[in-house]
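*Asks:* Curious how this folds, go ahead:
(chains A and B)
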Amino acid sequence: MSKGFANNRLTLLSLGVVACFMAVGVRLVFLHVIDRDELLRFVDKARRQIVIEHARRGTILDSRGNLLATSRSEVTIAVDAWALDEFLQIDKNPAKRARRAAEQQAKRVQLAALLGLPVDDIEKAFVPAMRAIKPEADQRDGKVDGLTKDRWVKLREGVDEPTFAQIEALNLRGLTAERIYRRVYPGNELAAHLIGFVNKEGSAAAGVESKFDLFLKGEDGWIESEKDGARREMAQFRTREIPVKDGHDVVLTIDSVVQHMIENELRGIGAKYQPKFATIIVSDPMTGRILGMANYPSFNLNEYNKAPLDVQRNRAITDQIEPGSVFKIVAAGAALDQGLVTPLTGFDCGNPLVNYKGRDLKLPKEDHEFGRLTVAEIISHSSNRGAAHLAMLMGEQNFYDYARKFGFGQRTGFQLGGEERGMLEAPRNWDGLTITRMPMGHAVAATPLQMHMAMSAIANGGVLLRPQIIQEIRDASGNVTHTYPPERVGQVLKPSTSALLAQLLHSVVGKDGTGAGFDLPGFEIAAKTGTTQKIIDGRYVTTHHVGSFVGFFPASRPEVVLTVIVDDAQVPGGRNYGRAVAAPAFQRIAEQLVQYLEIKPVAPATRRLLALSGGAR
Amino acid sequence: MKPPPANANINRLIALSLLLLVFSGTLGLGAVWVRQEISQTANRSRALVARIAEVERRLDEVNAEVAAAVNPDALLKQNQAMRLGLGTPQEVQVVRVEGSPELRLAAKRNREIFRLASAPAGDSAPAFRLVTASLR
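*Replies:* Have a look, this model is predicted:
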C-alpha cells in the first residue's frame, strides 16, 4: 500500500494550515466580537461620512413663464497652502522640485487674472501659515501649542461656473472650492416688492420668497457612506440615502411686460415729481389677477443689502392713505344700487349748509362753485357736497355697510400678507360731521390695493374679488400641484348698477369731467380722480396732496383695472392733484396696455347695448 | 473488518484542507470580484449623478443668463445701443381687422380661384386643375 502524502511533513503542513485557519478565526473573533465596539468607533470616525445634498430652490415665474427668480451655483475659492507645500516636498530632487514650483507659480499668475485679484494677494495666500486655536482643541498636529496649520484661506467668493471651469483646468495644487446656490433675480428691479429676496444666509426675507418659502425651498437629502484616504466618497459603501427633493416653482399672475411698463412709468414719475411714494396696480377685473404692481422708490433685488428698509416696503399694501374723491364711488354706487336716486336726480350743491336729522351741518368746500348737480354730474365734477348729499340720503349705517361691502376697513386677503386693514370706523364712533366728510374720502383710510379692488368690483359687474398674485405652483417636474382660482368675496352692487356706474365714471374723462382729456377714443376710460390733502401736524394742508387716478376700461366691457397713486408730488404751486400727476401716467399706461393686451375698441352701438344689458358678463 | 489505516485519515484531512483552501480561495476571489464590480458600478453611478448635477447647474446658469438678456429693460437698452428704433405702435397706426384674418385671406384667395375657374372656354388649362392646384 502506498504511503501517499501521509508522512510526517505533510501531517505538519496540514496541522499548520489548520492552525493558520484557527489563528485567522481567533483574529476574526477579536476583530468582530471582542474589539468590535472600539474598532467600529474608529472606523466611523475615520471613514464614515454623511453628505448632505442641498435641495435646489424653486424658481419664480411670471404668468408667461419668464424667469423672475432662480438659483445659480457659485463657487467660493480658498487656498490650502500646506497641500501645495506637501506636494512639492514629495519630490526629493531639488531641480525637479524647483521646476514644479515654477510651474505652480506660473499657474498662480493665471489664477490671479481669472479672479481679478493682484498677484501679490494670491502669492500671500499660498504661503503656509499657522493659525491660533484653543489649546484644548489642538490635537491635529501632535503638538499642543495652540497653533494649527491654516488650511483654508479664502481667496474669493461668488465665482461663476464658467470662470471656475477655467480655474479647474489650471490644475493648480492647493486650491479648494466650495459650491453654493445663490439666488439671482434676472430682472433686477422688476417686481422687487412682490418677489422679495433670499439673503446671504439663505433665509427668505420678503414677498413671495418668504410667503411661499415652504414650497420653494424643497427638502435637503443626505447620503451616509464612507470616504477613502483622499476624502473621496466610496459610493459602494453607501448605507442610507435620502433623496433630495427640489423646491416647487411658483408662478405669479403678473406679466413681466406689464410690470415693466408700470415700473418705467413710475421711474418717470419719480424723476419728474420726486414724490414721497407712488404706486401703480394693474389687474384683470374678471379674475382679480394682478398683472402688475409696483412702487416708487424701488430697489435692485440683486443688491438688496444696499436698499434701506423703507424702500423695500410694498406700499401698495402697507401704506394707508385717505382715498379722497375715489371714495365717492361708494356713495354714488350705493345710492344708485338702492334705487334712491337715478343719474338724473338733482341736488343743490351750492348751499354750504344742510339740515340733517334736525341739525344744520356745514358741508365741505368745493374746488369750484357748483349749483344744482345731477348724480351724473356729481360724479363727473367730483362734487364733495353732492357726495355728502348722497350719503345723507342713505343714512350712516347704510353708507357704512356699503363701504364695508366695497372692502374698505378690512384686509383684501392679498396672498403675500403684510397688508394693512385700513381704517373705517363704525357709525357709533362718528362725530356729527363724518357723514358729510367720509363720502369725499376723508375720515377713512385705505391701502392703494383696497382702492383698486373697490374699483375692480364696479368693473366686474358688482362682484368684489380677492386679489390674486399666485397663479399656480408646480413641482420640480413641471406638474401643477396647486392652482388658485378666482375667489369671490361678495356682491357689492347689482350688475345693472355697476354697468350704469361704469358709464357715469366714463363721463369723468368727458368734456366737463375732472379727468377731461385723459380718455382714449374708442376705449372708454372709466375712472375717478382723487386728490387728498395731507395731514401735517394734525391739520389738512393745501400744498401737500395724494393724487390718484383709479379706473378701468373699456367701460362697457372692462378688461383692465388700473390704479395710479402719487403721494406728495413736488409740483410748483402745490398743484399736485390727481388730474395733474396721476391721470397722465394712467393714460400713457392705458395706451400701452391696449396694444400689448390686444384690447379692441368698443363700437358706439355695442357700447349702448352692453351698457343696457349690464356689462359684458 | 479491518479498520482503515491512520494514514488514509490523514490523507483525507489533507485533501479536505486543500479543497477547503481552494473553495475558500474561490469564494474570497469571487467576493473580491463582486465587490470590485459593485464598487465600479457605484462609482460610475456616482459619476453619472455628478454629471447630471453639473449639466443641471449649467442649465440654471444659462437660463438665468437668457432671462437677464430677454428682460424688457435689457431689450430696450439693446434697442438703443443697436439703434434699431423699435417702439410700441401708436393707436393711430393700428388698423383693426374685423373677423378672422385667416378666413378673410382664404375668402380672398377663393374669389381669385373661382374667377379663374369661371373664365371663358378656350383657356389653356381646365378650370378644375387650377382649383386643385391652388387648394393644395
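
*Asks:* now B:Asn110: how far from B:Leu103?
*Replies:* According to C-beta to C-beta, to the nearest Å, B:Asn110 stands 10 Å off from B:Leu103. For glycine as for every other residue, the C-beta is placed from the backbone atoms N, C-alpha and C.

*Asks:* pLDDT averaged over stretch A:31-49, what's the number?
*Replies:* For stretch A:31-49, mean pLDDT is 85.

*Asks:* Write out the residues of the stretch 251-400 of chain A neighbouring chain B.
*Replies:* A:Ser256, A:Val257, A:His260 (C-beta under 8 Å from any C-beta of the partner chain).

*Asks:* Enumerate the positions of the helix or strand containing A:Ile269 that are buried.
*Replies:* Here A:Ile269 sits within helix A:256-273, counting by DSSP states H and E. By 16 or more other C-beta atoms under 10 Å in any protein chain shown, the buried positions in helix A:256-273 come out as A:256-267, A:269-270, A:273.

*Asks:* before we move on, what about stretch A:84-96?
*Replies:* A:Leu84, A:Leu88.

*Asks:* Domain map for the chain?
*Replies:* This is for chain A. A:44-76+A:180-252, A:256-612 (automatic domain parsing).

*Asks:* sorry, should have said chain B
*Replies:* B:6-81, B:91-135.

*Asks:* Out of those domains, which one sits most buried?
*Replies:* domain B:6-81 (a mean of 13; mean count of other C-beta atoms under 10 Å in any protein chain shown).

*Asks:* In contact with A:Ile77, which residues?
*Replies:* Counting by C-beta atoms under 8 Å, 6 or more residues apart in numbering or on different chains, A:Ile77 touches A:Leu115, A:Lys154, A:Leu155, A:Arg156, A:Glu157, A:Val159, A:Phe164, A:Ile167, A:Leu175, A:Thr176, A:Ala177.

*Asks:* ranges for the strands of the stretch 151-300 of chain A?
*Replies:* In the stretch 151-300 of chain A, strands defined by DSSP state E, counting those that start in this stretch lie at A:153-159, A:175-184, A:221-227, A:233-234, A:240-242, A:249-252, A:277-283, A:290-296, listed in chain order.

*Asks:* hey, which of the domains of chain A is tucked in deepest?
*Replies:* Most buried among those, counting by mean count of other C-beta under 10 Å: domain A:256-612, with a mean of 20.

*Asks:* Show me the strands in chain B, by range?
*Replies:* Counting by DSSP state E, chain B has no strands at all.

*Asks:* okay, and for it, where does confidence drop off?
*Replies:* Along chain B, segments meeting pLDDT under 70 span B:1-6, B:116-136.

*Asks:* give me phi/psi at the closest residue to chain B within the stretch 401-550 of chain A?
*Replies:* Nearest to chain B, among the residues of the stretch 401-550 of chain A, is A:Leu520, at 7.1 Å (C-beta to the nearest C-beta). Dihedral angles of A:Leu520 (phi, psi; degrees, to the nearest 10) stand at phi -110, psi 110.

*Asks:* cool, A:Asn66 as well?
*Replies:* Dihedral angles (degrees, to the nearest 10) for A:Asn66: phi -80, psi 140.

*Asks:* go on, A:Ala78?
*Replies:* phi -130, psi 170.

*Asks:* Isn't it up against A:Val153?
*Replies:* Yes: assessed by C-beta atoms under 8 Å, A:Ala78 is found in contact with A:Val153 at 6.0 Å.

*Asks:* Could you see whether chain A lies near the longest helix along chain B?
*Replies:* Counting by DSSP state H, the longest helix found in chain B is helix B:6-69. Yes: under the criterion of C-beta under 8 Å from any C-beta, helix B:6-69 makes contact with chain A via B:6-8, B:10-11, B:13-14, B:17, B:20-21, B:35, B:38-39, B:41-43, B:45-46, B:56-58, B:60-61, B:63-64, B:66-68.

*Asks:* Return the distance of that helix from the chain's centre.
*Replies:* 31 Å (C-alpha atoms, centre = their mean, to the nearest Å).

*Asks:* If you compare the directions of it and strand A:175-184, what angle comes out?
*Replies:* 50 degrees (axes from the mean of the first three to the mean of the last three C-alpha atoms, to 10 degrees).

*Asks:* Parallel or antiparallel, which strands does the helix or strand hosting A:Gly490 pair with?
*Replies:* In the assignment (DSSP H and E), A:Gly490 maps to strand A:488-491. Strand A:488-491 pairs in its sheet with strand A:463-465 (antiparallel), by DSSP bridges.

*Asks:* got the contact list for the helix or strand just after the partner strand?
*Replies:* Counting by DSSP H and E, the next helix or strand C-terminal to strand A:463-465 is strand A:470-474. The contact list for strand A:470-474 (C-beta under 8 Å, 6+ apart) reads A:63, A:208, A:212, A:215, A:248-253, A:289, A:415, A:480-484.

*Asks:* got it, and stretch A:169-181?
*Replies:* A:54, A:56-57, A:71-85, A:87, A:104, A:107-108, A:110-111, A:114, A:126, A:152, A:164, A:167-168.

*Asks:* and the end-to-end length of it?
*Replies:* 22 Å (C-alpha to C-alpha, to the nearest Å).

*Asks:* in it, what counts as buried?
*Replies:* A:Leu172, A:Arg173, A:Gly174, A:Leu175, A:Tyr181.

*Asks:* Farthest-apart pair in these, please.
*Replies:* Greatest spatial distance among the buried residues of stretch A:169-181 (C-beta to C-beta): A:Arg173 and A:Tyr181, at 27.4 Å.

*Asks:* okay, A:Ile589: pLDDT?
*Replies:* 96.

*Asks:* Surely it is in a helix?
*Replies:* Yes: counting by DSSP: H, G, I helix; E, B strand; the rest coil, A:Ile589 falls inside a helix.

*Asks:* who are the neighbours in contact with it?
*Replies:* Per C-beta under 8 Å, 6+ apart, neighbours of A:Ile589: A:Met261, A:Ile262, A:Glu265, A:Ile280, A:Val282, A:Leu562, A:Val564.

*Asks:* same thing but 6 Å
*Replies:* By C-beta atoms under 6 Å, 6 or more residues apart in numbering or on different chains, the contact set of A:Ile589 is A:Met261, A:Glu265.

*Asks:* and what of A:Ile290?
*Replies:* A:Thr253, A:Ser283, A:Pro467, A:Ile469.

*Asks:* Including distance to B:Ala50, could the strands of the stretch 151-300 of chain A go into CSV?
*Replies:* Shown next, in CSV, are the strands of the stretch 151-300 of chain A (distance: least, C-beta to C-beta, whole Å):
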stretch, distance to B:Ala50
strand A:153-159, 19
strand A:175-184, 11
strand A:221-227, 12
strand A:233-234, 10
strand A:240-242, 15
strand A:249-252, 24
strand A:277-283, 45
strand A:290-296, 42
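
*Asks:* Would you single out the least confident of these?
*Replies:* Mean pLDDT, when computed for each of the strands of the stretch 151-300 of chain A, is lowest for strand A:233-234, at a mean of 82.

*Asks:* Tell me if it is near chain B.
*Replies:* No: legend: contact between strand A:233-234 and chain B by C-beta under 6 Å from any C-beta of the partner chain is lacking; minimum distance shown is 6.9 Å.

*Asks:* Other residues contacting that strand?
*Replies:* A:Ser225, A:Glu226, A:Lys227, A:Asp228.

*Asks:* Can you lay out those as JSON lines showing distance to chain B?
*Replies:* JSON lines is the format used below for the contacts of strand A:233-234 (distance: C-beta to the nearest C-beta, whole Å):
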{"residue": "A:Ser225", "distance to chain B": "9"}
{"residue": "A:Glu226", "distance to chain B": "11"}
{"residue": "A:Lys227", "distance to chain B": "12"}
{"residue": "A:Asp228", "distance to chain B": "11"}
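
*Asks:* Pick out whichever of the residues you listed sits closest to A:Met453.
*Replies:* Relative to A:Met453, and with distances defined as C-beta to C-beta, the nearest of the contacts of strand A:233-234 is A:Ser225, at 55.0 Å.

*Asks:* in the sheet, who's paired with that closest one?
*Replies:* A:Gln49.

*Asks:* give the contact list for it.
*Replies:* Contacts of A:Ser225 by C-beta under 6 Å, 6+ apart are A:Glu233, A:Phe237, A:Arg238.
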